[in-house]
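Engineer: Make a model of this:
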Amino acid sequence: MLVFALTFLVIILFQPLMKKYLPQSTAPAPETPAAAQPSTQAATSLAPQVSIPATGASKQAAAEAETVVENNLYRVTFTNRGGLVKSWILKTYLDEHGNPLELVSKAAENYGYPMSLWTYDEAQRNKINSALYVASDSGKLNAPVLVTFEYSDADVSVRKTFSFDHTYLVHLETSVVSKQSQVTAFPMWPAGFGDQSSPSSYAASRIEHQYNDKTERLDIKKISGGATLPGPFNWAGVVDQYFAAVFLPDDIQNAALVTLRHQVDVPRDARNPKPGETIKADVLGVGVGNLRGASVERLYVGPKSLGVLESVPVPTLAGAPPDLRGLINFGFFGVIARPLFLWLKWTYGWIHNWGWAIVIQTLVINLALLPLRISSMKSALKMQKVAPQIKAIQEKYKKYSMRDPRKQEMNQEVSALYKAEGVNPVGGCLPMVIQMPFLFAYYSMLGAALDLRQAPWLWIRDLSSPDPWHLLPIGIIITMLLTQRMTPQPGMDPSQQKMMTLMMPLMLGVISWNLAAGLCLYWSEGNLIALAQQSIMNRTSLGREMREIALKRARKKEK
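Structural biologist: Below you'll find the model as predicted:
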């Protein structure tokens, strides 16, 4: 426990150094904190003050036209029919076909495109999202730029303003007026993301929001379409495993969130889609805006990359880091997972391969735990040695009930035996207690770390996806099987030992079969190191003695 506490302390103390030195040296050029820092002055100068558009005069376009805005990070295509976004392409990320990633989902054709408006009057909602708006510009535009869409008739007047700079942030303002009264209208990202192609990718969708130090992540099962969640919110939006569309309201106290949930048919096997072989998947969306007037907010559409998110300021946050890092869910063991990722990223900085970085990090972790593992293995072997004597003591006192005072004598005899033989009854469990947080932290890290998306290693094309040939899960089964067979267990019945020797590796193989390849790499390498350690332990005098005891017990059982 002392070693565990010291290891934990070193990880915590090392975080400031990693935070100081890592981001500058490892972040890609277009995603560096400098590049991702929003240009507040540019947004302020481009974005006009919100004013209520006048109703009565007609203002609409004669024909449909497109406006394209781009910078080094993305290319956004608007249509003036509804003032919607038809395409939002991230230039620095690729889809499974090697093309720049399209973030607008195909489901948007049926359930609404980004930047459409949610109103509680469905007829009005359909009208303002299909009308022909007058655009301030058309054609191709380069950021920084301000784009405005306006529509009005005798009943309603709508204005949308979008201000782009050189970051993933967009400043937006929307206002809907009907009969001289402000209408509650929320800008939406209504239908998931374009990187979702398989049932598992849709299952990773969440609606998330944060207010100060409280972050809530709504699972699909907890979401009903059209429900309104009142704020306050520092930010709120929809996310999947690697990307996010998040609204940051200027007026956090009057902000509200509308949840959207629809269903789509997706192929059971995304790599080999077949007609008729589909499964229903839920696609999530949100609308976020102001309940009391025009909506003025910032919109982050981009990757859930730690370096980028930490560079997006959220000055309204209190009691939590004032940025968007809360979008990355490192899980219960986040206090370990985040330093592990920063350490892994630092290793990648000089090895330039995420797979080999995992190999090196796993080796270092296992070497650091080696003295404690050897000690606990000795303790476990000693425990097995005295197991027959403990069983004899228990047989001696089994006729007494748990309430009988003489039952305490059994505990005293067992304790005396432990002391005489130098056995620590919990010593064999300690390595598992220490390793499990690292394993769970690795699982959370690999599931949340965008940097491992499409990261290759040897035969593996994507370390965040299952091993295509399942060699690593097979390696886990084989190494576990060999370790079980090599571990002497003189206190266990031979038939039970044979069953456990087979069942445990198979069970772990089933668990790891479709886990991320990066996690299986960490797991299988750790098992390989444990196998080598067990081989060395078996050559010691204590190990030889344990094997002799086990063989004698097996021969006795056969007779």
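
Engineer: Skipping adjacent residues, who's closest to the residue sitting nearest the centre point of the chain in space?
Structural biologist: Taking CA atoms, centre = their mean, the centroid of the chain lies closest to Ala448, which sits 2.7 Å from it. Leaving aside its chain neighbours, Ala448 sits nearest to Ile328 (5.1 Å; criterion: CB to CB, 6 or more residues apart in numbering). For the C-beta atoms, the positions are set from N, CA and C on the backbone; glycine is no exception.

Engineer: Quick check: that neighbour vs Pro321, distance?
Structural biologist: Ile328 sits 11 Å away from Pro321, going by CB to CB, to the nearest Å.

Engineer: ok, the two, which is more surrounded?
Structural biologist: With neighbours defined as other CB atoms under 10 Å, Ile328 and Pro321 compare such that Ile328 has more, 23 against 12.

Engineer: what about the more buried one, distance to Ala337?
Structural biologist: 9 Å.

Engineer: Give the residues shared as contacts by these two.
Structural biologist: Between them, Ile328 and Ala337 share these contacting residues under CB atoms under 8 Å, 6 or more residues apart in numbering: Ala448.

Engineer: shaky segments in the stretch 51-200 of the chain?
Structural biologist: 51-56 (pLDDT under 70).

Engineer: could you redo the last one with a cut-off of 80?
Structural biologist: 51-57 (pLDDT under 80).

Engineer: Show me where it has its helices.
Structural biologist: Ranges of helices in the stretch 51-200 of the chain, per DSSP state H, counting those that start in this stretch, are 108-111, 122-128, 199-203.

Engineer: Make CSV from these and add mean neighbour count to it.
Structural biologist: Listed next are the helices of the stretch 51-200 of the chain as CSV, based on neighbours: other CB atoms under 10 Å:
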stretch, mean neighbour count
helix 108-111, 16
helix 122-128, 15
helix 199-203, 18
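
Engineer: between these, which gets nearest to Val286?
Structural biologist: Set against Val286 and scored by CB to CB, the helices of the stretch 51-200 of the chain come closest in helix 108-111, at 12.2 Å.

Engineer: packing partners for the helix or strand harbouring Ile358?
Structural biologist: Element membership of Ile358, judged by DSSP states H and E, is helix 354-368. Applying 3 or more CB pairs under 8 Å, 6 or more residues apart in numbering; DSSP states H and E, we find helix 354-368 packed against helix 334-351, helix 517-538.

Engineer: residue contacts, Arg461?
Structural biologist: Applying CB under 8 Å, 6+ apart to Arg461 gives the contacts 454, 468.

Engineer: repeat that with 6 Å
Structural biologist: By CB atoms under 6 Å, 6 or more residues apart in numbering, no residues touch Arg461.

Engineer: where does it fall, phi/psi-wise?
Structural biologist: Note on Arg461: its backbone torsions stand at phi -90, psi -30 [degrees, to the nearest 10].

Engineer: hang on, the earlier thing: need the contact list for the residue nearest to Ala448.
Structural biologist: 304, 306, 448.

Engineer: which one among these gets closest to Leu257?
Structural biologist: Of the contacts of Ile328, the one sitting nearest to Leu257 (CB to CB) turns out to be Lys304, at 18.9 Å.

Engineer: Count the residues that sit near that closest one.
Structural biologist: 22.

Engineer: do the one 3 residues further on as well
Structural biologist: Residue crowding around Gly307 was assessed by other CB under 10 Å; the count is 22.

Engineer: Make sure Thr67 is actually in contact with Val134.
Structural biologist: No. If you go by CB atoms under 6 Å, Thr67 and Val134 don't touch, sitting 11.4 Å apart.

Engineer: follow-up on the earlier one: for the residue nearest to the centre of the chain, what are its contacts?
Structural biologist: 328-330.

Engineer: Thr174 pairs with what?
Structural biologist: Note on Thr174: beta-bridge partners by DSSP bridges are Lys160, Ser295.

Engineer: what's near enough to touch it?
Structural biologist: By CB under 6 Å, 6+ apart, the neighbours of Thr174 are 160, 187, 295.

Engineer: and these as CSV, adding neighbour count and distance to Asn129?
Structural biologist: Supplementary listing: these in CSV, determined by neighbours: other CB atoms under 10 Å; distance: CB to CB, whole Å:
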residue, neighbour count, distance to Asn129
Lys160, 27, 11
Pro187, 23, 11
Ser295, 28, 15
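
Engineer: pLDDT score assigned to the residue nearest to the centre of the chain?
Structural biologist: Predicted confidence (pLDDT) for Ala448: 79.

Engineer: And the one 3 residues further on, by the same measure?
Structural biologist: At Asp451, the pLDDT value in this model is 84.

Engineer: what's near enough to touch it?
Structural biologist: By CB under 6 Å, 6+ apart, Asp451 has no neighbours at all.

Engineer: hang on, it in a helix?
Structural biologist: Yes. Per DSSP: H, G, I helix; E, B strand; the rest coil, Asp451 lies within a helix segment.

Engineer: Return the closest of the contacts of Thr174 with respect to Lys86.
Structural biologist: Out of the contacts of Thr174, the member with the shortest distance to Lys86 (by CB to CB) is Lys160, at 14.5 Å.

Engineer: pretty sure that closest one contacts Gly83?
Structural biologist: Yes. With contact defined as CB under 6 Å, Lys160 reaches Gly83; the gap is 4.7 Å.

Engineer: Now for these two: what residues contact both?
Structural biologist: With CB under 6 Å, 6+ apart as the test, Lys160 and Gly83 both reach Phe149.

Engineer: so what's Leu521 closest to, chain neighbours aside?
Structural biologist: Closest residue to Leu521 apart from its sequence neighbours, by CB to CB, 6+ apart: Ile358 at 5.3 Å.

Engineer: From the rest of the structure, what touches the helix holding Ile358?
Structural biologist: 344, 347-348, 351, 452, 455, 457, 463, 518, 521-522, 525-526, 529.

Engineer: can I get the CA coordinates of it in PDB?
Structural biologist: Output in PDB follows, covering the C-alpha atoms of helix 354-368 (Å, rounded to 0.1, in the frame of the first residue of the first chain):
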ATOM      1  CA  TRP A 354       1.200   5.200 -30.400                       C
ATOM      2  CA  GLY A 355       1.500   1.400 -30.300                       C
ATOM      3  CA  TRP A 356       5.200   1.400 -29.400                       C
ATOM      4  CA  ALA A 357       4.400   4.200 -26.900                       C
ATOM      5  CA  ILE A 358       2.000   1.800 -25.200                       C
ATOM      6  CA  VAL A 359       4.600  -1.000 -25.200                       C
ATOM      7  CA  ILE A 360       7.200   1.300 -23.600                       C
ATOM      8  CA  GLN A 361       4.700   2.700 -21.000                       C
ATOM      9  CA  THR A 362       3.500  -0.800 -20.100                       C
ATOM     10  CA  LEU A 363       7.000  -2.000 -19.600                       C
ATOM     11  CA  VAL A 364       7.900   0.900 -17.400                       C
ATOM     12  CA  ILE A 365       4.700   0.400 -15.300                       C
ATOM     13  CA  ASN A 366       5.400  -3.300 -14.800                       C
ATOM     14  CA  LEU A 367       9.000  -2.800 -14.000                       C
ATOM     15  CA  ALA A 368       8.000  -0.200 -11.400                       C
END
